[in-house]
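*Asks:* quick one, fold the following:
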Amino acid sequence: QVQLVESGGGLVQAGGSLRLSCAASGSTFSDYTMAWFRQAPGKEREFVSAITRSGNNARYADSVKGRFTMPRDNAKNAVFLQMNNLKLTDAATYYCAAALSFGEDVFLAEATYDYWGQGTQVTVSS
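*Replies:* Modelled structure (predicted):
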């Protein structure tokens, strides 16, 4: 079982940048595919990005492609979400998620992820 704690959310102006962190503990971090999801008020939670166990392959939602990256540091048991050129539509609570994987899988479906953090809020102002 893995425990996840997000940090780094806050208020940022449109066009600005923010870096979220997700610290993992309690299990072998490199056994897990990791992902970021987000949920805006009144909307369903949606996929943002996911990265393989090794960190060699990542996938991004079309809405963030070219603006967000998801580095992974297995030595530090952490993943990050580097968000650049933020838009008003990026405002949401961002969740880190983990799914046990036996290969270099990238999962996009929310239901695949068994472990979730508590979320960190990102607010984007105009």
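*Asks:* can you name the residues that contact the spatially most central residue of the chain?
*Replies:* Against the mean C-alpha coordinate of the chain, by CA atoms, centre = their mean, the closest residue is residue 36 at 2.3 Å. By CB atoms under 8 Å, 6 or more residues apart in numbering, residue 36 lies in contact with 20, 22, 48-50, 70, 79, 81, 94-97. The C-beta positions use only the backbone N, C-alpha and C, and glycine is treated the same way.
*Asks:* please, which helix or strand holds it?
*Replies:* Using DSSP states H and E, residue 36 falls within strand 32-39.
*Asks:* for that strand, buried residues please.
*Replies:* 32-38 (16 or more other CB atoms under 10 Å).
*Asks:* again, but for stretch 18-33
*Replies:* Under the neighbour-count criterion of 16+ other CB under 10 Å, stretch 18-33 has 18, 20-24, 29, 32-33 buried.
*Asks:* with stretch 78-85 instead?
*Replies:* Applying 16+ other CB under 10 Å to stretch 78-85 flags 78-81, 83 as buried.
*Asks:* average pLDDT for it, rounded please.
*Replies:* The average pLDDT for stretch 78-85 rounds to 98.
*Asks:* for residue 69, phi and psi?
*Replies:* Backbone torsions of residue 69, given as degrees, to the nearest 10, read phi -130, psi 160.
*Asks:* make 48 the starting number, not 1.
*Replies:* Shifting the count to begin at 48 puts that one at residue 116.
*Asks:* apart from its chain neighbours, what residue comes closest to it?
*Replies:* residue 129 (4.7 Å; CB to CB, 6 or more residues apart in numbering).
*Asks:* hmm, the one you found is touching residue 95, no?
*Replies:* No. Checked against CB atoms under 8 Å, the pair residue 129 and residue 95 is beyond contact range at 11.7 Å.
*Asks:* residue 145: which element?
*Replies:* Per DSSP H and E: residue 145 is located in strand 139-147.
*Asks:* if we can go back for a sec, which one of the buried residues of stretch 125-132 sits closest to residue 160?
*Replies:* The nearest member of the buried residues of stretch 125-132 to residue 160, counting by CB to CB, is residue 126 at 12.7 Å.
*Asks:* which residues touch residue 67?
*Replies:* Residues in contact with residue 67, defined by CB under 8 Å, 6+ apart, are 53-56, 83, 127-128, 130, 141, 143, 167, 169.
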